[in-house]
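K.L.:
Need coordinates for the following:
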Amino acid sequence: MTKPWRNITTIWSDKKNCVFVFISVNLTGDSTELLDPSVDATDRDLCLHLFALLTTGRELTMDQVQAACLPEFLALGMSMNPASFDPSQTTPGDLAQQKARTYLFPYLMNRYLAGLRLINTPAALLSEFEVDAGDLAIAQLQRLQYNYNAHFKVANYLADLKARTGLLASLTARHAMASVTKSAEVIGLAGQIGQSLAVAAHIIDECDQLTTPTYFTERIVTGTYPLALLFTRERETTWLDQFFAQPHRPSEADFARAAQLTIDNGRGPALEMAGELLSQTQLDVQVLPACPAKDGLSQFITQVTNDIKSEY
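P.N.:
This is a model prediction of the structure:
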């Protein structure tokens, strides 16, 4: 399935390069050695695409470059210190790397908070952004409680996705819109749109990767169950309960069958849920005042919706 936010060169081009250049020159010492910009690239590309859409037709000022990169500090911190782990990675080198990354997130969090003042963020938004940054850290802790949880349901999945991936996109959207308007209502609506778009895009990308055996196996091993699997557990309860209750690692054949059951039974409902989120987001976009960003967002949502309609 084609994902418009993966090919962002058409409207982002030099803007994205500006963001990463700004980040690289603002991170010092050994911190850069722990960063891998390719981790969670799809979610983060969506955020940058969203920023570009919301600032359509405007030359990027230095404050806007900084505003675009600030949520990226948080995204990199969360990606490098994920709220999941592979139990098989227990070598001294793995443990040392994990330990080092626990210090990376607060460092990047501080860069975000300091950056808010550098761009002279209005007082009301400053307080809002500071609280949201703290909420991201809390959401990471909550995610750890969900891992390997047999009672993890669709509602928990959506709440977790909104609190982490969705909140990062909301921050990006509000930073972008704050450089365009001073209206608190419009800025807040942009954040809501960004959050919903990110949740839908994440679900779509997750469903696309289900056909990759290593991806599905990794999600099972790390206890971060995809949405499609949650839907499948409602339909194939007996077999999947036996699959998860095995006293040892399931065989490759069992993993393959679990993946196929998930694709056959859960992928459609998951994509349908993403489509419903996009439909609601399209309605929210129509509430925005007339501007190039409104047209761009509407066209983007229509394109993504059309891409997935044939899939469910």
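
K.L.:
switch to C-alpha atoms for all contacts and neighbour counts from now on
P.N.:
OK.

K.L.:
which residue is nearest the middle of this protein?
P.N.:
Of all residues in the chain, the one closest to the mean position by C-alpha atoms, centre = their mean is Thr165, 3.1 Å from it.

K.L.:
roughly how far apart are that one and Tyr225?
P.N.:
15 Å (C-alpha to C-alpha, to the nearest Å).

K.L.:
shaky segments in the stretch 1-150 of the chain?
P.N.:
1-41, 89 (pLDDT under 70).

K.L.:
can you give me the helices in it?
P.N.:
For the stretch 1-150 of the chain, the helices identified by DSSP state H, counting those that start in this stretch occupy 14-26, 41-54, 62-80, 92-118, 123-146, in order along the chain.

K.L.:
Kindly present those helices as CSV, with separate columns for distance to Glu218 and mean neighbour count.
P.N.:
As requested, the helices of the stretch 1-150 of the chain are exported to CSV (distance: least, C-alpha to C-alpha, whole Å; neighbours: other C-alpha atoms under 10 Å):
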stretch, distance to Glu218, mean neighbour count
helix 14-26, 29, 15
helix 41-54, 17, 23
helix 62-80, 16, 23
helix 92-118, 17, 16
helix 123-146, 16, 15
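
K.L.:
Ok, which of those comes nearest Leu297?
P.N.:
Put simply, out of the helices of the stretch 1-150 of the chain the one that sits nearest Leu297 is helix 41-54, at 6.5 Å, with distance taken as C-alpha to C-alpha.

K.L.:
Report the angle between that closest one and helix 62-80.
P.N.:
Relative orientation of helix 41-54 and helix 62-80, computed by axes from the mean of the first three to the mean of the last three C-alpha atoms, to 10 degrees: 160 degrees.

K.L.:
Would you enumerate the residues in contact with the closest residue to Gly77 other than its chain neighbours?
P.N.:
In this structure, Gly77 finds its nearest non-sequential neighbour in Phe105, 4.4 Å apart by C-alpha to C-alpha, 6 or more residues apart in numbering. Residues near Phe105 by C-alpha atoms under 8 Å, 6 or more residues apart in numbering: Leu74, Gly77, Met78, Met80, Asn81.

K.L.:
Mind doing that once more with 7 Å?
P.N.:
By C-alpha atoms under 7 Å, 6 or more residues apart in numbering, the residues touching Phe105 are Gly77, Met78, Asn81.

K.L.:
can you tell me how far it sits from Thr222?
P.N.:
According to C-alpha to C-alpha, Phe105 stands 20 Å off from Thr222.

K.L.:
And Ala178, by the same measure?
P.N.:
Per C-alpha to C-alpha, Ala178 is found 38 Å from Thr222.

K.L.:
now Ala137
P.N.:
Noted for Ala137: a distance of 19 Å to Thr222, by C-alpha to C-alpha.

K.L.:
for Leu230, same thing?
P.N.:
15 Å.

K.L.:
Which one's more surrounded, those two?
P.N.:
Between Leu230 and Thr222, counted using other C-alpha atoms under 10 Å, the more crowded position is Leu230 (22 against 16).

K.L.:
Give me the pLDDT for the more buried one.
P.N.:
pLDDT recorded at Leu230 is 97.

K.L.:
thinking it is in contact with Ala155, fair?
P.N.:
No. With contact defined as C-alpha atoms under 7 Å, Leu230 and Ala155 do not form a contacting pair (10.0 Å).

K.L.:
returning to what we had before: next up, the contacts around the residue nearest to the centre of the chain.
P.N.:
By C-alpha under 7 Å, 6+ apart, the contact set of Thr165 is Ala198, Val199.

K.L.:
Can you read off the backbone torsions of it?
P.N.:
With angles defined as degrees, to the nearest 10, Thr165 sits at phi -60, psi -40.

K.L.:
Let me know the pLDDT of it.
P.N.:
For Thr165, the predicted pLDDT is 95.
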